[in-house]
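S.K.: next one to model:
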Amino acid sequence: MKKFIYCAIIFFIMIVGVGCKDDGVTEYEGEQVEEKIQIGLSFDSYVIERWQRDRDVFVYTAEELGAEVNVQNANGDLAKQLSQIEYFIEKKMDVIVIIAVDSKAFVDVVKKASEAGIKVVAYDRLLISSNVDLYISFDNEKVGALMAESLKNNISEGGNIVTIFGSTRDHNVQLIEEGFHTVMKDSNINVIYSINAANWLAEEAYYAINEALLITSEIDGVFCGNDNLATEAIRALSENRMAGEVVVTGQDADLAACQRIVEGTQTMTVYKPVDKLAKAAAEYSIKLAKGENIDVSTTINDGIWGVPYVKLEPIAVNKDNIDEIIIDGGFQNREEVYLNVPE
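M.R.: Next comes the predicted model:
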């Protein structure tokens, strides 16, 4: 009797189970894992100190938002960077973010990415005639203007300056030069020597100062396209016992530049809040990947198309506001900035 009852119960359970399946109830097949957004991040190089900070903030923000980031570094090699972007296309990234070696060299590869349904973001440097989905950077004309104003305000009429701009392959340099010339056009300050540092190599600034000194020993100011160039320019000035007597500008608020500002050998730097830039770029990249509206009304002409442009404001920093802007703002550590300044 017990055996009969047991078999009846088993039979009933089987019938109920079949009935549930017939009613369209799906059996549990395990937790469904959502596919993560894939972002390819391609750097020109890490020659400029700030790029590593940009990378870390971008990757952290993107991962917090549920994306995966594949970071590639071209080490200043254009062919290598183009190859890396081709690799991103083959891997079917959702978004490719590019810090370009050469702003004019990406037309074909951006077109290929777009045809594959991949969004492209030009980070900090505009990609010329490429019709990218977004350009995010700082107001680079203002960067040049801020440095020029520092020279103009600290050098007497008739003074001599050297200008050391960045690489001609970087579109930002053209904008910085425009900002510089706009401020300086009505001044009576003489540019006695001018170069563009190939690939942003700092050594170019060292050679430029020594070449300028062959023209005249009367140098009142040096426009340096970034703080890395300022490092080598000041080294050349120091060897000629002129460091601290010549107005020197830069940009990026590198630690060494901040140290020189409080020591008195560099006059100013332009601080660009790269943490804010990198965080915003990651957030916009996620929106683009999801097909969401990025709601950017400002545009910039890339030579053919009007590209959506997120423009952040740069800040001039000197010894009067370095504590407030750089140290209190958490960009650099006070102990490190004042390391070589006696208490």
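S.K.: tell me the centre residue of this protein?
M.R.: residue 124 (4.6 Å; Cα atoms, centre = their mean).
S.K.: quick one, what contacts that residue?
M.R.: Contact analysis of residue 124 by Cβ atoms under 8 Å, 6 or more residues apart in numbering lists 54, 99, 136, 137, 138, 172, 277. For the C-beta atoms, the positions are set from N, CA and C on the backbone; glycine is no exception.
S.K.: give me the number of residues near the second one?
M.R.: Looking back up the chat, that one is residue 99. Per other Cβ atoms under 10 Å, the neighbour tally for residue 99 reads 22.
S.K.: from residue 73, how far out is it?
M.R.: Separation of residue 99 from residue 73 (Cβ to Cβ, to the nearest Å) stands at 10 Å.
S.K.: shared neighbours, these two?
M.R.: Common neighbours of residue 99 and residue 73 (Cβ under 8 Å, 6+ apart) are residue 43.
S.K.: just to revisit the earlier point, just among the contacts of residue 124, which is most surrounded?
M.R.: Most neighbours among the contacts of residue 124, by other Cβ under 10 Å: residue 138, with 24 neighbours.
S.K.: please tell me how far it sits from residue 75.
M.R.: Taken as Cβ to Cβ, the span from residue 138 to residue 75 is 24 Å.
S.K.: quick one on the thing from earlier: which of the contacts of residue 124 fall in helices?
M.R.: Among those, DSSP state H puts 54, 172, 277 in helices.
S.K.: just how off-centre is the helix or strand containing residue 205 within its chain?
M.R.: Secondary-structure element containing residue 205, defined by DSSP states H and E: helix 203-215. In terms of Cα atoms, centre = their mean, to the nearest Å, the centre of helix 203-215 is found 28 Å from the chain centre.
S.K.: what helices or strands is the next helix or strand after it leaning on?
M.R.: Downstream of helix 203-215, the first helix or strand assigned by DSSP H and E is strand 221-224. Packing partners of strand 221-224 (3 or more Cβ pairs under 8 Å, 6 or more residues apart in numbering; DSSP states H and E): helix 140-154, strand 160-165, helix 227-239, strand 247-248.
S.K.: now do 6 Å
M.R.: In terms of contacts (3 or more Cβ pairs under 6 Å, 6 or more residues apart in numbering; DSSP states H and E), strand 221-224 is packed against strand 160-165, helix 227-239.
S.K.: in its sheet, what does that strand sit against?
M.R.: Sheet pairing of strand 221-224 (DSSP bridges) gives strand 160-165 (parallel), strand 247-248 (parallel).
S.K.: turn those into CSV, including mean neighbour count, distance to residue 207 and mean pLDDT.
M.R.: Output for those, formatted as CSV (neighbours: other Cβ atoms under 10 Å; distance: least, Cβ to Cβ, whole Å; pLDDT from 0 to 100):
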stretch, mean neighbour count, distance to residue 207, mean pLDDT
strand 160-165, 25, 10, 98
strand 247-248, 26, 16, 98
